[in-house]
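[1] could you look at this predicted model? Sequence included:
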Amino acid sequence: MLKVYHNLIKNKRLKEDRAIENLLRVRPVRSLSGVINVSVLTKPYTCPGTCTFCPKEENIPKSYLSGEPAVERAKRLKYDPYIQVKKRIDVLESTGHNAEKIDLRVIGGTWSYYNTKYKIWFVKRCFDACNEIEYKKEPYSNKTIKELFKELEKAQKLNESTRYRIIGLSFETRPDFINEKEVFEMRRLGATKIEIGVQSVYNNILKKTKRGHDVNATIKATRLLKNAGFKVSYQIMLNLPLSNIEKDLNMARELFKNEKFKPDYLKIYPCALVRSSELYKDYKKGNYKPYTERELIDLIKSIKKEVPYYTRIERIIRDIPAPLIVEGGAKTSNLRQIIDREIQKENWKCKCIRCREIRAQKQDKDIKMFRENYLAQSQNEIFLSFEDNKRNHLYSVLRLRITPNMAMIREVHTYGESKKIKEKGEVQHKGFGKALISEAEKITKQEFNINKIYVISGVGVRDYYRKLGYRLENYYMVKDL
Ligand SMILES: [Zn+2]
């Protein structure tokens, strides 16, 4: 119906009517965070990991399962990055969403383990799809890395002014694969956020599950990534062997309070017991027991009670189809909704970013700027935000990191419905972002006496910063103050 409606407007047989458009739009929540999320899967590969909790399926990227919606989509499209992106844009637009601002998430296990040529080609093909370049098969193995980077940079340049812009790009990888070289390459590819599989902060658990790295790898990766301006997302697992409810809660406290960690984003994945994992053998022998639904709900609620204002709990469960899970609370796929309902009944609020983002609600009368200062990896982090007086509704956030003699804006995000880039939105484009950036510039110059500020900017947002006096320098947008 929406397609018919759009055609009628295109042919000038009907006048545009927002009420009709909103009514016909499917699942409006998808675009409420201001941007559209698009996930693309890399091809199946031989994972370097041996984690006992991990499913082992043929022809599926490690740690993923057939039946997961994103995996099924990618499989049908033979993991072709161009077609995956193109299809998602088409589907979102045909269901009434504005897909012009794309937050691209590359998933599939350990990004850093793929060969460099594949990585550059993969990202370039995602840009090609957004740039509406006509599809053709494009082999990459006969080209040099230098040539491939040149092609990618051309595609990125094009994306600065095209219709579908990649405003954020994230990769997921293992913390022990993060080093200076990898960090630089990720920036060159255009990444703005890195998800690392932390799983646990306890070495005995990491060892028992054959994770292959210790907690120091996580600490080091967090430092390198944040110093380079990346937003850092942790994936942690509850209910791993040798852990228990108390230990899991302590881990969350450690993440939020210990300055060695302090992730910007957090994904909580309760260990899901699947038959193809090594853990299943332990379970059969009686050496492992999944938490019940009740235990899991209470644990996640306790974790939410500890979350600071500057962390966003992105997920609390993986998209694994229930029939694949042997037993336990991880089978409950609507865990988040159940938890939200209970929290509402108990009359308290999760302080995390996600739970406070302004969505379709009416805008508050009094909105003011808040500032939180904290230390992370021994550096100053300043979190600026526009919120209502009670701090229940979040309109816009900015993360500023000050390392010795360097100021780096790691994130600027305004919430609300995703609007076309030139259209004036209800919340977006009201100048919140601009006001936060100018405050960050002021803090940098006046409080820290630093005369230059960097922004890790998605390729599709470079133009926005240019208008604010920034220029591109070594893959960052910079401005002299
Ligand atoms: Zn929350």
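    Thanks, I have the structure now. Numbering: from 1, shown residues only.

[2] if I've got this straight, R105 is in a strand?
    Yes. R105 sits within a strand when classified using DSSP: H, G, I helix; E, B strand; the rest coil.

[3] how near is it to K226?
    Here R105 is placed at a distance of 19 Å from K226 (C-beta to C-beta, to the nearest Å). Heads up, the C-betas are built off the backbone N, CA and C, glycines and all.

[4] who in the stretch 301-450 of the chain is up against the ion?
    Contact residues (C-beta under 5 Å from the ion) of the stretch 301-450 of the chain with the ion: I313, C350, C352, C355.

[5] about what we covered before: give me the more crowded residue out of R105 and K226.
    Looking at R105 and K226 with other C-beta atoms under 10 Å, you find the greater number of neighbours at K226, namely 24 against 19.

[6] shouldn't that one be in contact with R401?
    Yes. In terms of C-beta atoms under 8 Å, K226 counts as a neighbour of R401; the distance is 6.2 Å.

[7] so where does H97 fall, helix or strand?
    Assigned by DSSP states H and E, H97 belongs to neither a helix nor a strand.

[8] that one is in contact with I36, isn't it?
    Yes. At 6.2 Å, H97 counts as touching I36 under the criterion of C-beta under 8 Å.

[9] more neighbours: which of those two?
    In this view H97 and I36 are compared by other C-beta under 10 Å, and I36 has more residues nearby, 22 against 19.

[10] so what's that one closest to, chain neighbours aside?
    Excluding its sequence neighbours, the residue lying closest to I36 (C-beta to C-beta, 6 or more residues apart in numbering) is A99, at 4.9 Å.

[11] sorry, back to before: same list, the residues of the stretch 301-450 of the chain next to the ion, but as CSV with pLDDT and secondary structure please.
    Shown next, in CSV, are those (pLDDT from 0 to 100; DSSP: H, G, I helix; E, B strand; the rest coil):
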residue, pLDDT, secondary structure
I313, 97, strand
C350, 96, coil
C352, 97, coil
C355, 94, helix
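
[12] dump the helix or strand of the chain at the bottom of the mean pLDDT ranking to PDB, keeping only the CA atoms.
    Of all regular secondary-structure elements in the chain, judged by mean pLDDT, DSSP states H and E, the least confident is helix 18-24 with a mean of 73. Taking C-alpha atoms only, helix 18-24 is exported to PDB below (Å, rounded to 0.1, in the frame of the first residue of the first chain):
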ATOM      1  CA  ARG A  18       2.200  12.600   6.700                       C
ATOM      2  CA  ALA A  19      -0.700  11.100   8.600                       C
ATOM      3  CA  ILE A  20      -1.200   8.500   5.800                       C
ATOM      4  CA  GLU A  21       2.500   7.900   5.400                       C
ATOM      5  CA  ASN A  22       2.900   7.300   9.200                       C
ATOM      6  CA  LEU A  23      -0.100   5.000   9.200                       C
ATOM      7  CA  LEU A  24       1.300   2.900   6.400                       C
END
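
[13] mind giving me the packing neighbours of that helix?
    In this structure, helix 18-24 packs against helix 2-10, with contacts taken as 3 or more C-beta pairs under 8 Å, 6 or more residues apart in numbering; DSSP states H and E.

[14] okay then, goodbye and thanks.
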